[in-house]
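# Provide a 3D model corresponding to the input given below.
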Amino acid sequence: MPLTTVFHASLYGTICLAGFILGRAEGNFIPYLTILVAMVGYMLTEHYKKWMVTVPVANALGLVAFLVAAIEFTVGDREGKLLAGAHLVVYLNWIVLLQKKTNRQYWAMAALSLLQVAVASVLTNDSWYGGMLVLYSVVAMWSLAIFSLHQANQQFESGRREPVTRTPVAGSSLSTTTASVIMPSETWSTIRHDGSARWVTPRFILGVMTIASMSLMLSGVFFTLVPRVWIGPRLSLGDEADGPVGSLGRNTMTGFTSQVKLGSLGEILENSTPVLQVRLFDSETDREIDVNQYCERLGYAEPLFRGIVLSRYESSQWLADVVFSSQDPLPRILAEPAVRQEYVLEPVGTDLLFVIGDVRACDLDGSERRRVVKHTTTSVLTRDSVGRSGSAERIGYTAYSAPMPAVVQPFAIMPVSSRLWQEYLSRNYLEDLLILNDDVAAIRPIVERILEEKTRQVGSKLTPVQQAVALESWLRDSGNFKYTLKQARVDLTVDPVIDFLINRKEGHCEYFNTALALMLRAAGIPSRLVSGFKGGDTNPLNGRFEVQQRHAHVWVEAFLTEPNGKFFWGTFDATPVAERNTELETIGGKMTFWQAMSSEISMFWSRYVVNVTLNDQEQGVYGPLRDWVASLGGQLKDRTGGIQSLLYGLFSILASPKEWLTVSGMLRLLIILVLFTGLLYVLKYGIKLSLKGFSKYSQKRKVERKVVEFYERFQRVIAQAGFRRDEAQTQREFALQVTHKLSHRLHDESVLKLPEELTELFYKVRFGDDIVDAATAQSLDDQLDRLESLLDSNRQRHNASKV
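Below is the predicted model of the structure:
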């Protein structure tokens, strides 16, 4: 394939890849059009060369591009301002693609593609961008390497097209030599280029790939070691909402804000992005506990990860309390027996901490030592306001809850202490949980009918617990309602809950449990809605219980009384279990190995690339590196057992796949890779030298000596005819000069070709790796004999003519 074609394919491929990356990051069609414009531009300006944008037209289009981008910047929101700049880069790239190409335009295309990839890094935090960034880096480095060859080829070709005048060699009758007669060899920066050789060779490809790999490795090391320190406020584009915004209501994931509108959870339920991972341990024995088993013992049908509590229902949406109740800082650790819950929470834009059950102590990972506070009336856990918000960072925390019950509890409850009871009384909290607005008053007759029918079945007055169970069963088990993620409404004139109960009779967990909460209030039972997660899957790679966004869920907590008079919060869920699980299977299914691997990659990208902090670097890089260097020094002092233990500790990572995606594990893998590569290099060339190298070297030296002998004999024979190579001449120039001169004396075509053939062979053997076979050597020997014979005959005739 011609070098120009390879160069065009590489550079235009880089442009298309950059457009694809920006298009996927933005989620808009405009960057994708770069692929189409690149193909059209190549066909018009490079292949057919029939139509190109002139400089005046390009300048006019540039002004139009700036005008369009300015309009987008003015009318856009905060993200729109950034996209306006991204689109400007795209528009300018289109203009360059349609222009006549020189090296200046090629450099502009490469620079604009890099800008598009850089802007894409601001628009997405997904792990796919990491893979695309690595691919773009390799493709870009390849394109630049080919570009350098393209420029060298341009210089070479321009030199071939220019006529060259040489100074006549002493003793020769030739006065001038033109390019039309002699094609001289050319040297650029003292490196001779063989006009018949290929530019893109396997050695060149291997070299570029090696440089690209080493560049990526060094970039990774540099990225890992540079401290993540922010100085001053972060960049703001000026569209922040006015007024104070609580940490629970700003930039938060749908479903976990301080207000939830009915139907808003549908989007998140169709998303398989990981949210959190958890492992449970017995705090005394450190024995791992199965998450499903622990939740079953607590009385949960599936694991429930409690998040925000919503108590007010107004205008088809749930609202949290405007002002939280008193807050109690939780102890960092619990001395008494408990279950230790170890969490890794992805950035969800909130200071909420999701936990199982009633937590008694909680500690945040990291050096900032922010405290975890428990809001008294709701038992919601959040991080305190000390230090920076951190809601956009991946965090780890450890919570301590009640020990695993010996037997399965029939009912999931959360006890109410006397202090909490006093808090409820002082704030009239329970009265607030009985409010039923007029727009949902139609629920009351429905509840009365259900409870009357249940009372007739039982034959006695229902307790509050029985009432709650009856209402839950009517919604979940009667078969009158179906689970679906569709958002269609039948009657827009009534509240969505009334429309759900009377007309639609289908919806997802928000509708089922909103209806249950309001029906409990109609029955005189205080109730509230809890938003969090339900269910999850065990990751087969790391053993953690992983929860994704599709597991988002809401359920109901009802304030009830035990037979002994103690108060408690009972957990109820009116969502049809089988239908919900079927929907979850449809969206994500059970976690396969490849899904687990994808999740691990996403977790790694989020934790160690996007959201890495200085504390993460201290714990995962700086600290282990200091410890390892210290232990290395100590082990090297012991020249026997110390080195053995050092090698064992280094290579033990190969038997621990779970550690491969940790920073310390990757550092050890990098060291092993370097050692392995060096060992392979030594073995490869050592064995090659010992088994084949010596014989090949000896053979090559013999051939070189033979060829040099042939060439020296050729020079002696030619010297007898009056031709001697000047020091300023290359062997090829001398051969062309001799051929031209001999053409006036000899008429044997095979002999006239001998100087060039012998010179080319001399180049290939002397400067390359070619080996001359015996047949070729014998042929050269015979031709030299014939040349010498013809020159002797010619010289004798010339002398005879003088006599």
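
# Would you state the strands of the stretch 251-400 of the chain in chain order?
For the stretch 251-400 of the chain, applying DSSP state E, counting those that start in this stretch gives strands covering 259-261, 274-282, 288-289, 304-310, 312-314, 317-319, 327-329, 339-345, 359-364, 372-375, 381-383, 395-401.

# Pro403 and Arg360, how far apart?
Distance of Pro403 to Arg360, computed by Cβ to Cβ, to the nearest Å: 11 Å. In this view, the C-beta of every residue, glycine as well, is placed from N, C-alpha and C.

# JSON lines please, covering the strands of the stretch 251-400 of the chain and showing distance to Ser743.
Converted to JSON lines, the strands of the stretch 251-400 of the chain look like this (distance: least, Cβ to Cβ, whole Å):
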{"stretch": "strand 259-261", "distance to Ser743": "94"}
{"stretch": "strand 274-282", "distance to Ser743": "79"}
{"stretch": "strand 288-289", "distance to Ser743": "91"}
{"stretch": "strand 304-310", "distance to Ser743": "92"}
{"stretch": "strand 312-314", "distance to Ser743": "104"}
{"stretch": "strand 317-319", "distance to Ser743": "98"}
{"stretch": "strand 327-329", "distance to Ser743": "102"}
{"stretch": "strand 339-345", "distance to Ser743": "83"}
{"stretch": "strand 359-364", "distance to Ser743": "90"}
{"stretch": "strand 372-375", "distance to Ser743": "96"}
{"stretch": "strand 381-383", "distance to Ser743": "92"}
{"stretch": "strand 395-401", "distance to Ser743": "85"}
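
# Point out the most buried one among the ones you listed.
Ranked by mean neighbour count, these are led by strand 304-310 with a mean of 24 (mean count of other Cβ atoms under 10 Å).

# Please give me every residue in contact with the closest residue to Leu746 other than its chain neighbours.
Ranked by Cβ to Cβ, 6 or more residues apart in numbering and with sequence neighbours excluded, the top spatial neighbour of Leu746 is Leu790, at 5.7 Å. By Cβ atoms under 8 Å, 6 or more residues apart in numbering, the contact set of Leu790 is Leu746, Asp748, Val751.

# Report the buried residues of the strand or helix carrying Val117.
Per DSSP states H and E: Val117 is located in helix 103-123. For helix 103-123, a neighbour-count test (16 or more other Cβ atoms under 10 Å) marks 105-106, 108-110, 112-113, 115-117, 119-120, 123 as buried.

# ok, so of the contacts of Leu790, who is nearest Glu760?
Nearest to Glu760 out of those is Val751 (Cβ to Cβ; 15.9 Å).

# what number of residues lie near that closest one?
Using other Cβ atoms under 10 Å, Val751 has 18 other residues around it.

# dump the residue contacts of Leu114.
Residues near Leu114 by Cβ under 8 Å, 6+ apart: Ala18, Ala140.

# Could you measure from it over to Ile15?
Distance, Leu114 to Ile15, by Cβ to Cβ: 10 Å.

# What is the least confident helix or strand in this protein?
Ranked by mean pLDDT, DSSP states H and E, the weakest helix or strand in the chain is strand 187-188, scoring a mean of 48.

# Tell me which residue is most central in this protein.
Compute the mean C-alpha point of the chain, and by Cα atoms, centre = their mean the closest residue is Gly130, 2.2 Å away.

# so that one touches Ser602, yeah?
No - in this structure, Gly130 is not within contact of Ser602 by Cβ atoms under 8 Å, at 9.5 Å.

# what sits against the nearest residue in space to Gln409 that is not next to it in sequence?
Computed as Cβ to Cβ, 6+ apart, the closest residue to Gln409 that is not its neighbour in sequence is Gly299, at 3.8 Å. Shown in contact with Gly299 (Cβ under 8 Å, 6+ apart): Val408, Gln409, Pro410, Phe411, Ala412, Ile413, Thr571.

# what separates Gly299 from Thr538, distance-wise?
From Gly299 over to Thr538 the distance is 21 Å, taken as Cβ to Cβ.

# again, but for Ala120
Applying Cβ to Cβ, the value for Ala120 to Thr538 is 34 Å.

# One more: Thr14?
42 Å.

# between the two, which one's more packed in?
Neighbour count, other Cβ under 10 Å: between Thr14 and Thr538, Thr14 has more, with 23 against 18.

# show me the contacts for that one.
With Cβ under 8 Å, 6+ apart, Thr14 has these contacts: Ala110, Ser113, Tyr136, Val139, Ala140, Ser143.

# And the strand or helix carrying His150, what does it pack against?
Take DSSP H and E as the rule and His150 turns out to sit in helix 127-161. Where contact means 3 or more Cβ pairs under 8 Å, 6 or more residues apart in numbering; DSSP states H and E, helix 127-161 is packed against helix 3-26, helix 103-123, strand 187-188, helix 202-225, helix 593-605.

# roughly how far is the last one from the heart of the chain?
Taking Cα atoms, centre = their mean, to the nearest Å, the mean C-alpha location of helix 593-605 is offset from the chain mean by 11 Å.

# go on, the first one?
For helix 3-26, the distance between its averaged C-alpha position and the chain's averaged C-alpha position is 18 Å (Cα atoms, centre = their mean).
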